[in-house]
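Enquirer: Turn this into a model:
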Amino acid sequence: MQMQREIGGIPASAVGLGTWAMGGWLWGGGDDDASVAAIRAALDAGVTLVDTAPAYGLGRAEQLVGRAIEGRRDEVVLVTKCGLVWDTDKGRPFVGQDDKTIHRYLGAESVRAELEASLRRLRTDHVDVLITHWQDPTTPIAETMEALLALKAEGKARAIGISNASVEDLAAYRAAGPVDCVQEAYNMLDRGLEQTLIPPCRDAGIAVISYSSLALGLLTGRIGPERSFDGDDLRRTNPRFSVENRRLVAAFAADLGGIARDHGVEVADVVIAWTLAQPGITFALCGARNADQARANARAGELRLAADELAAIDRAIAAHLGPVAAAA
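Expert: Here you go, the predicted structure:
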């Protein structure tokens, strides 16, 4: 049975499907049919939380989600984002994609226009959660929050949240209205959130959604020292993916092998279950590019680790992953 938790009073599976890689950008391209199959396989396995964003392939990932969930919208807790735009020079230039410059911009008119475009791509009249993707220092947070709350009042977003934000950002949003969730990078290698946003979120009952829960796939146990990365795949130049670091991760995965075998799952499932067992982490997003990966990740939502297993995992992290974490 999939573990269930809540975002703003909305129940959803604790394991969520992330769709960044489905957009192809920074992942060496994508396969649309395999992506649609992955989404449907996740739903079939009981995953209800599906996370996407306009910037994932300039709308490509949202279109694939819309295609995959057509006729199944009531099975999905649908999350999308706003704040990364390529149709304006307002805000701050952020990154290039194809021949477009993406800006971080959260002006009120843009937030609304982005959501309307997302709804068309997603083939729905509302999203369950709307999150500011990256923060925009050129727009007052009160203006952004007013737009988010208006969309919530209209029923176009049932809950609202923020991502890639500071403690100060969270406080400013909360001063303007209720925040239902934060979405931040968190995994065995990236644990700074434990000292920053998790404490105030736990105090306020705000859901915390981890992204990059498997560290771009590094912690799956499936990426060995022999693996190569092609094209624009961001892992090709990421120092964490050096051959030596992949050897360290392979040794770490070997240490977790016994726990995985005892539960009849893969190492990646143990890693995801460990993430969900950390205090303050409500949901764990995990990417998948095909149906087999989606089904494998979904198993983690049924896995409950005992205290001695969690302690053994912590020992394996300490023994092997320190140099890998430091290579960020």
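Enquirer: Tell me the secondary structure of Ala12, please.
Expert: Secondary structure, DSSP: H, G, I helix; E, B strand; the rest coil: Ala12 is strand.
Enquirer: How many neighbouring residues does it have?
Expert: Close neighbours of Ala12, defined as other CB atoms under 10 Å, add up to 25. Backbone N, C-alpha and C define where each C-beta goes, glycine included.
Enquirer: Please determine how far it is located from Ala159.
Expert: Distance from Ala12 to Ala159, counting by CB to CB, to the nearest Å: 10 Å.
Enquirer: Which neighbours do the two have in common?
Expert: Common contact partners of Ala12 and Ala159 (CB atoms under 8 Å, 6 or more residues apart in numbering): Asp128.
Enquirer: For the stretch 51-200 of the chain, which segments count as helices?
Expert: Per DSSP state H, counting those that start in this stretch, the stretch 51-200 of the chain carries helices over the ranges 60-69, 108-122, 141-153, 167-176, 198-204.
Enquirer: TSV please, covering these and showing distance to Ala254 and mean pLDDT.
Expert: TSV is the format used below for these (distance: least, CB to CB, whole Å; pLDDT from 0 to 100):
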stretch	distance to Ala254	mean pLDDT
helix 60-69	34	98
helix 108-122	41	98
helix 141-153	46	98
helix 167-176	37	98
helix 198-204	30	98
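Enquirer: Most tightly packed of those helices?
Expert: helix 60-69 (a mean of 24; mean count of other CB atoms under 10 Å).
Enquirer: so what does it touch, helix or strand wise?
Expert: Applying 3 or more CB pairs under 8 Å, 6 or more residues apart in numbering; DSSP states H and E, one finds that helix 60-69 contacts helix 32-44, strand 77-82, helix 108-122.
Enquirer: can you tell which of the helices of the stretch 51-200 of the chain is closest to Gln183?
Expert: Evaluated with CB to CB, the helices of the stretch 51-200 of the chain place helix 198-204 nearest to Gln183, the distance being 11.0 Å.
Enquirer: How far off centre is the closest one?
Expert: Here the centre of helix 198-204 is set off from its chain's centre by 19 Å, with CA atoms, centre = their mean, to the nearest Å.
Enquirer: Equivalent analysis for stretch 177-196, please.
Expert: With CA atoms, centre = their mean as the basis, stretch 177-196 stands 11 Å off its chain's centre.
Enquirer: From one end of that stretch to the other, what's the distance?
Expert: Stretch 177-196 has an end-to-end distance of 20 Å (CA to CA, to the nearest Å).
Enquirer: Quick one: mean pLDDT over that stretch.
Expert: Averaged across stretch 177-196, the pLDDT comes to 98.
Enquirer: cool, stretch 230-242 as well?
Expert: For stretch 230-242, the per-residue pLDDT averages 93.
Enquirer: And the helices of the stretch 51-200 of the chain: which comes nearest Asn187?
Expert: Among those, the nearest to Asn187 by CB to CB is helix 198-204 (13.6 Å).
Enquirer: Tell me the backbone dihedrals of the nearest residue to Ile69 once chain neighbours are set aside, please.
Expert: Spatial nearest neighbour of Ile69, chain neighbours left out: Val76 (5.1 Å); criterion: CB to CB, 6 or more residues apart in numbering. Per-residue torsions, Val76: phi -120, psi 130 (degrees, to the nearest 10).
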